[in-house]
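> kindly return the folded structure for what I paste below:
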Amino acid sequence: MPYFISVVMGVLPMVIYALFVWRIDRWEKEPLSLVIAVFIWGFLPSAVFALIAQIILGVPGALLSAIHPLIGEIFGGTIVAPITEELIKGVALALLFVFYRHEIDSVLDGIVYGCLAGFGFAAIENILYFFSQAFENPADLWGLIFLRAFVFGLNHAAYTSFTGIGFALARFTKTPALRIVYPILGVIGAILMHAMHNFLVTIGGFAALFALTADWIGILGLFALVGFCVVHENGWIQKYLVEEVEAGVISQQQAADAASYWKRSSLNFFVLGPRRYFEHRKLLHDITELAYKKHQLKRLGEDIKVSERIATLRHELAALQEQNVLTV
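This is a model prediction of the structure:
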């Protein structure tokens with residue numbers, strides 16, 4: 001039974017956190033297939049590669065432990081673990097940047113994908129910690145679950161969100177050098193934040209309390225950044241849909257609905273009914289995508305694929321407008 005609890009409580013909180021983060025971005029939700037893929041990368045390949053790397057790099061740590069156990073722990077926790085884990089979690093974001101960069105529309109998207117990789121990694125790491133506790137001292141298992149799933153449950157997501165921000169910034173810069181610099185700075189930020197936490201927890205005592213305080217200051221700061229991104233993107237949508245309203249592609253009310261955080265809420269399922277809800281949600285998504293593509297065109301310059309997508313969206317929305325399908 002303790003092992004079953006370890007698996008459930010290792011995975012379930014992280015899945016709930018991941019779904020919450022995914023749902024925050026109501027303007028342009030990331031494809032569920034990519035969301036699952038990034039989470040699974042954090043859960044399996046990332047954890048396996050990190051473990052292998054840490055075993056190899058743990059040799060110097062073993063030698064340092066022979067001098068003093070605390071020195072070995074600090075080396076492993078402050079240097080080896082943060083570098084290997086953040087680099088390997090970052091591989092998922094690098095692959096996303098290379099093959100699916102069109103899905104990265106803003107800094108918020110970078111945060112979402114970074115958090116997803118972090119939650120996936122935290123899930124498998126928690127299971128391993130919980131298994132160890134269940135074997136050594138089952139009576140203290142729930143205490144460890146509380147610490148790792150709730151008190152420190154958002155840490156890995158917060159670390160890797162720095163990497164995600166780096167890749168998102170690289171996505172929208174015209175300077176070739178910055179496309180390399182931004183992700184590197186993001187990974188460095190993730191490693192430093194991770195290393196600081198591990199160092200303070202390894203020392204223990206008052207330092208561990210300071211680690212908890214620093215962690216939650218960082219997490220609250222991340223929440224504040226997410227809130228800023230949501231408001232900022234709302235401004236984009238309103239700005240870029242003005243022209244579409246004036247051209248008669250969509251109505252003023254439809255533009256307002258597309259920019260409304262609450263109109264995009266799943267609670268509208270109970271207001272509109274199943275068929276109307278899914279139809280309306282798809283249409284608001286297309287209207288929002290039109291605004292994002294126009295923003296992308298402005299930031300990055302002329303792009304044939306983006307221009308063609310804008311033209312297609314305008315044509316489809318204009319046709320639906322004539323059929324009165326867009327009316328709620």
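> right, and Ile83 touches Ile191 too?
Yes - here Ile83 lies in contact with Ile191, judged by Cβ atoms under 8 Å, at a distance of 5.7 Å. (Glycine included, C-beta is placed from N, CA and C.)
> those two: which is more packed in?
Applying other Cβ atoms under 10 Å to Ile83 and Ile191 shows that Ile191 carries more neighbours, namely 22 against 19.
> centre of the chain to the helix or strand containing that one, how far?
Element membership of Ile191, judged by DSSP states H and E, is helix 176-203. Offset of helix 176-203 from its chain centre (Cα atoms, centre = their mean, to the nearest Å): 16 Å.
> swap in stretch 258-271?
For stretch 258-271, the distance to the chain centre is 22 Å (Cα atoms, centre = their mean).
> let me see the mean pLDDT of stretch 150-158.
On average, the pLDDT along stretch 150-158 is 91.
> now stretch 216-233
What stretch 216-233 shows for mean pLDDT is 91.
> cool, and stretch 127-134?
In the prediction, stretch 127-134 has an average pLDDT of 84.
> how does the chain divide into domains?
The chain breaks down into these domains under automatic domain parsing: 2-203, 232-322.
> nearest to Leu222, out of those domains?
Leu222 sits nearest to domain 2-203 of all these, at 5.5 Å, using Cβ to Cβ.
> could you tell me the end-to-end distance of the closest one?
Criterion Cα to Cα, to the nearest Å; first-to-last residue distance in domain 2-203 is 29 Å.
> state the distance from Phe39 to Ile217.
Distance of Phe39 to Ile217, given as Cβ to Cβ, to the nearest Å: 26 Å.
> ignore the last one, Met1
Computed with Cβ to Cβ, the distance linking Met1 and Ile217 is 37 Å.
> likewise for Phe172?
Separation of Phe172 from Ile217 (Cβ to Cβ) stands at 28 Å.
> more crowded one of these two?
Phe172 (17 against 10).
> nearest residue to the middle of this structure?
Here the mean C-alpha position of the chain is nearest to the C-alpha of Val112 (Cα atoms, centre = their mean), at a distance of 2.2 Å.
> does that one touch Trp22 like I think?
Yes - the pair Val112 / Trp22 is scored as a contact, 6.4 Å apart, by Cβ under 8 Å.
> between these two, what contacts are shared?
Glu30 (Cβ atoms under 8 Å, 6 or more residues apart in numbering).
> where do the helices of the protein begin and end?
2-24, 32-43, 45-67, 69-74, 81-99, 107-136, 141-145, 155-171, 176-203, 206-246, 252-259, 268-272, 274-300, 304-322 (DSSP state H).
> okay, these, which one's buried deepest?
Highest mean neighbour count among those (mean count of other Cβ atoms under 10 Å): helix 155-171, with a mean of 27.
> what's the offset of it from the middle of its chain?
Averaging C-alpha positions (Cα atoms, centre = their mean) puts helix 155-171 7 Å from its chain's average.
> check which helices and strands that helix sits against.
Secondary-structure packing of helix 155-171 (3 or more Cβ pairs under 8 Å, 6 or more residues apart in numbering; DSSP states H and E): helix 81-99, helix 107-136, helix 176-203, helix 206-246.
> now tabulate these in CSV and tack on distance to Glu73.
Output for the helices and strands packed on helix 155-171, formatted as CSV (distance: least, Cβ to Cβ, whole Å):
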stretch, distance to Glu73
helix 81-99, 10
helix 107-136, 15
helix 176-203, 5
helix 206-246, 13
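> ok, which of those comes nearest Lys294?
Closest of the helices and strands packed on helix 155-171 to Lys294 is helix 206-246, at 4.3 Å (criterion: Cβ to Cβ).
> give me the below-cutoff pLDDT ranges for the chain.
For the chain, the stretches flagged by pLDDT under 70 are 54, 57-66, 68, 135, 321-328.
> now distance to Thr213 too, for the domains of the chain, in CSV please.
Output for the domains of the chain, formatted as CSV (distance: least, Cβ to Cβ, whole Å):
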stretch, distance to Thr213
domain 2-203, 10
domain 232-322, 28
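> before we move on, the earlier item: angle of the helix holding Ile191 against helix 155-171?
Here helix 176-203 runs at an angle of 170 degrees relative to helix 155-171 (axes from the mean of the first three to the mean of the last three Cα atoms, to 10 degrees).
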